[in-house]
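Participant: after the sequence you'll find the predicted model.
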Amino acid sequence: MKTPLSVIAGLLATPVVAQDNVLTVYTYDSFVTEWGPGPVIEEAFEETCDCDLQFEAAGDGAALLSRLQLEGPRTEADIVLGLDTNLTAAARETSLFAEHGITPDLDLPVDWTDDHFLPFDWGYFAFVGNAKDPAPDSLRALADSDISIVIQDPRSSTPGLGLLMWVKTAYGDAAGALWEDLSDNIVTVTPGWSEAYGLFLEGEADAVLSYTTSPAYHLIAEEDDSKVAWAFDEGHYMQVEVAGKVAGTDVPDLADQFMAFMLTEDFQSAIPTTNWMYPAVVPAGGLPDGFETLIEPDKALLLSPQEAAAKRDAALEEWRAALAR
Amino acid sequence: MARSAGPVAALVVLALIAIPVGAVIRTAGGIAGLGAADWAALRFTVWQALVSAALSVGLAIPVARALARRRFRGRSALITLLGAPFVLPVIVAVMGLLAIFGRAGLVNTVLGGLGLPPVSIYGAHGVILAHVFFNLPLAVRMLLHGWLAIPAERFRVAAQLGQPVGRLLEWPMLRRAVPGAFAVIFLVCTTSFAVALILGGGPQATTLELAIYQAVRFEFDLRGAASLALVQLGVCAVALGALLLVDVPDALGAGLDRTVARWDGAVSRDAAMLAAAALFLALPMGAILLSGVPGLAQMPGSVLLAALRSLAVALLSTGLCMALALAIVTHGRGWSRAVAVVPLSVTALVLGTGLFIVVFPFVRPASVALPVTALMNALFALPFAVRILAAARDDAEAQFGRLADGLALRGWARMRVLILPRIRRPLGFAAGLAAALSMGDLGVITLFASGGQETLPLAMFRLMGAYQTEAASGAALLLVTLSLGLFWLFDRGGRIGAET
């Protein structure tokens, strides 16, 4: 008999899963939504592996690493997918990751030599604004203008941290001065990407820190060409998203198989129009229609994981001091 | 119900806080000292919470008085609306406020049309505005209960003798009700995070909660997180200590247990207060409604499933919360009631992290995500429930306790015959609040849930993170409707035949 109580209990319970041949992949939230790459990739991999691929979503990239550290060596994760190069130095220090043993052939604007982490996609950070508005051509021009922007907090968001590194890489010791000039452009600072992008779409600011690929979403999924990313003379800082194999995995062969699968056509072709980033290996058919309209920065900026980790605290302090006036 | 139920419930609450916080400290291997940035965060946190609480309660006094002494069409709907902002998920409420006060919002559109310069909501004043939006209604409801608890006979006597109602009746009631309302709202505001950051405009509006988020989620600095959590508990202890110092006993005595129609005060001023409060609350709510309607059709089926899950969590959580609260207010002594307020100042992040550490060696955290969420939500709603129920229960006991003793009413019979009918109104309100708070919660679940245990707020947040802004607005509207619906059902249940 279905009493109200049993219905409630049913909704609260979680089905028990068989543990054999299960590959558990920890990733960030947006990866596993219906629009994200998760469902497509799960289906494609399960066709080749005779296994059960299970995604477990844990916030964003940084939260993902915290979650893994909280669980320690007992973690059920076999793969962690969705860290970026600002996090890999800390990730490597945990000793929770194994080497991937793959010599990849990647289509990245920078060389890749990391033996623990493999990229699955990448993008350039950029300010995204409306096509009808005048576009500044550099961070400096933006700071000198009265254009309003929304950014994310580098203390709680990976794009926020990306912008911090962008300014630091482009301006070095003058980064603090640039932040001071930028401070009157900043309408507000949000905890994460979602809130910032939402504010921009609601018209709260002229532009938002996002990716050069964001306009592709509006163009392809919404047939809306009103959003553009601004190309800046200083170059654009990159976000390279990576995955790593967990050292203590109980299905090492399956994990290796997944790492290799990650760079194949089936995985990579899903990335552009689900994760809205550039695939780490361009599929044979090229990028989807619409991607050719995106700006392509002349200069790609990226700190090595070690440099990024070393510069972070000082850059954060500079940012806080300049904006907290 | 056994006499020990109160202390036992209080000990359960204490254990649910102490064990997770202890687990975090143990895992961290100690606590760390506070840096300069942490002290700045503490100062800002306390300052904005004091101002927000003072404004919320200060503005609530005339609004509650107007509601207490006027009868008009739509009064009941207005009282339900008053419950709404408080139970909204933060990001939804912020979007609603921005639709009115934001750069492209209604106010600036009107100002622009009149050729006036725009006003900016971003800054400390924006944070306070949002906190007043959230908490003014809560303060109004808490004070309204105070007004309606003044025995009708007292008003008649005051009128016959031509004595001032304000000084003789209302002031003593406020003296008793305001400190508690102020303390609760102060504590709610000390754990503010997203509101403070989004509307605060940048790092100058950093709260302790953001520092904790940074430590827990971004840097995995459990030492830092543990010490910041202890600082929050310290702030709570100071606030509770101050509250005990100013707490005064009821001086109005018993009446015949009926409310009365009032005649004093200027109608026009009450009407203006009510209209202003209603507009301030209704406009952002209306904006949420308008922006959500187009998105309803775009919500994926999984959102509906998440909604069902959230409803189940909310009902379970309400049951737990009411059981704990009734045990504490009926059988608990002063310390039990003081303990019940502590959950207000522990952040879901630290508590969730601690629980994660505790359960991880035994079960897959994801497999207990929803029960744990329901339990935590019950804990977070408990301070409100106890605060709301305590005064009503004490009044009932003070006024009719001896009669009940004479009739040898004990245990469940006393609860059923004496207490429950008399605290029905606040009980309905407290249950509604607990249910709605649980519906809108986006705390512990983010740490525990994997794909299959999404609640509605989490589903909404994930839609926002996947460019699905319209569908997210639809989910927000669904969430608001369900939260308010639950709130209305419980609250209405408590108010049938009553005048609040």
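Facilitator: That came through fine. Numbers count the residues shown, from 1 in each chain, chains lettered A, B, ... in the order given.

Participant: centroid-nearest residue for chain A?
Facilitator: With distances taken as CA atoms, centre = their mean, A:Glu241 lies nearest the centre of chain A, 5.6 Å away.

Participant: surely that one and A:Gly61 touch.
Facilitator: Yes. Using CB atoms under 8 Å, A:Glu241 and A:Gly61 qualify as a contacting pair, with a distance of 7.5 Å. (Each C-beta comes from the backbone N, C-alpha and C, glycine too.)

Participant: what touches both of the two?
Facilitator: Common contacts of A:Glu241 and A:Gly61, defined by CB atoms under 8 Å, 6 or more residues apart in numbering or on different chains, comprise A:82-84.

Participant: show me what the helix-or-strand element of chain B with minimal mean pLDDT is packed against.
Facilitator: When each helix and strand of chain B is scored by mean pLDDT, DSSP states H and E, helix B:165 comes last, with a mean of 70. Applying 3 or more CB pairs under 8 Å, 6 or more residues apart in numbering or on different chains; DSSP states H and E, we find helix B:165 packed against helix B:152-161.

Participant: recalculate using a threshold of 6 Å.
Facilitator: Packing contacts for helix B:165, counted by 3 or more CB pairs under 6 Å, 6 or more residues apart in numbering or on different chains; DSSP states H and E, involve no helix or strand.

Participant: quick one: low-confidence parts of chain B?
Facilitator: Scanning chain B for pLDDT under 70 picks out the ranges B:1-3, B:247-265, B:332-333, B:451-452, B:495-500.

Participant: in it, what residue comes closest to chain A?
Facilitator: Going by CB to the nearest CB, chain A is nearest to B:Ala104 of chain B, at 3.3 Å.

Participant: right, and B:Thr137 touches B:Leu81 too?
Facilitator: That one is not Thr; residue B:137 is Pro. No. At 7.8 Å, B:Pro137 and B:Leu81 do not qualify as touching, with contact defined as CB atoms under 6 Å.

Participant: nearest to chain B: which residue in the stretch 101-250 of chain A?
Facilitator: For the stretch 101-250 of chain A, CB to the nearest CB, closest residue to chain B: A:Gly203, 3.3 Å.

Participant: related to what we said a few turns ago, mind checking the SS state of the residue nearest to the centre of chain A?
Facilitator: Of the three states, A:Glu241 takes strand according to DSSP: H, G, I helix; E, B strand; the rest coil.

Participant: quick one: contacts for it?
Facilitator: Contact analysis of A:Glu241 by CB atoms under 6 Å, 6 or more residues apart in numbering or on different chains lists A:84, A:120-121.

Participant: in strands, which of these fall?
Facilitator: A:84, A:120-121 (DSSP state E).

Participant: turn those into TSV, including pLDDT.
Facilitator: Output for the ones in strands among the contacts of A:Glu241, formatted as TSV (pLDDT from 0 to 100):
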residue	pLDDT
A:Asp84	93
A:Phe120	96
A:Asp121	95
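
Participant: how about CSV for those, with distance to chain B and neighbour count added?
Facilitator: Formatted as CSV, these follow (distance: CB to the nearest CB, whole Å; neighbours: other CB atoms under 10 Å in any protein chain shown):
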residue, distance to chain B, neighbour count
A:Asp84, 13, 24
A:Phe120, 17, 26
A:Asp121, 15, 25
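
Participant: what's around A:Asp225, how many residues?
Facilitator: For A:Asp225, the neighbour count with other CB atoms under 10 Å in any protein chain shown is 12.

Participant: try A:Ile79
Facilitator: For A:Ile79, the count of nearby residues is 25 (other CB under 10 Å).

Participant: for the nearest residue to A:Ala300 once chain neighbours are set aside, what are phi and psi?
Facilitator: Nearest residue to A:Ala300 in three dimensions, chain neighbours excluded: A:Pro109, at 4.0 Å (CB to CB, 6 or more residues apart in numbering or on different chains). The phi and psi values for A:Pro109, taken as degrees, to the nearest 10, are phi -70, psi -10.

Participant: how near is A:Pro109 to B:Arg73?
Facilitator: According to CB to CB, to the nearest Å, A:Pro109 and B:Arg73 sit 67 Å apart.

Participant: more neighbours: the two, which one.
Facilitator: Taking neighbours as other CB under 10 Å, A:Pro109 and B:Arg73 compare with A:Pro109 leading, 17 against 7.

Participant: before we move on, the earlier item: tell me which of B:Pro137 and B:Leu81 has more neighbours.
Facilitator: Legend: neighbour count by other CB under 10 Å for B:Pro137 and B:Leu81, higher for B:Pro137 (25 against 18).

Participant: now B:Leu16: which helix or strand?
Facilitator: Using DSSP states H and E, B:Leu16 falls within helix B:5-28.

Participant: what sits up against that helix?
Facilitator: For helix B:5-28, the external contacting residues (CB under 6 Å, 6+ apart) are B:222-223, B:226, B:229, B:324, B:327-328, B:331-332, B:336, B:339, B:346, B:350-351, B:353-355, B:357-358, B:379.

Participant: helix or strand right after that helix?
Facilitator: Following helix B:5-28 in sequence order, the next helix or strand is helix B:36-69 (DSSP H and E).

Participant: that next one vs chain A: in contact?
Facilitator: No. On the criterion CB under 6 Å from any CB of the partner chain, helix B:36-69 is out of touch with chain A, staying 6.9 Å away.

Participant: list the buried ones in that helix?
Facilitator: Within helix B:36-69, the residues that count as buried by 16 or more other CB atoms under 10 Å in any protein chain shown are B:37-38, B:40-42, B:44-46, B:48-49, B:51-53, B:55-57, B:59-69.
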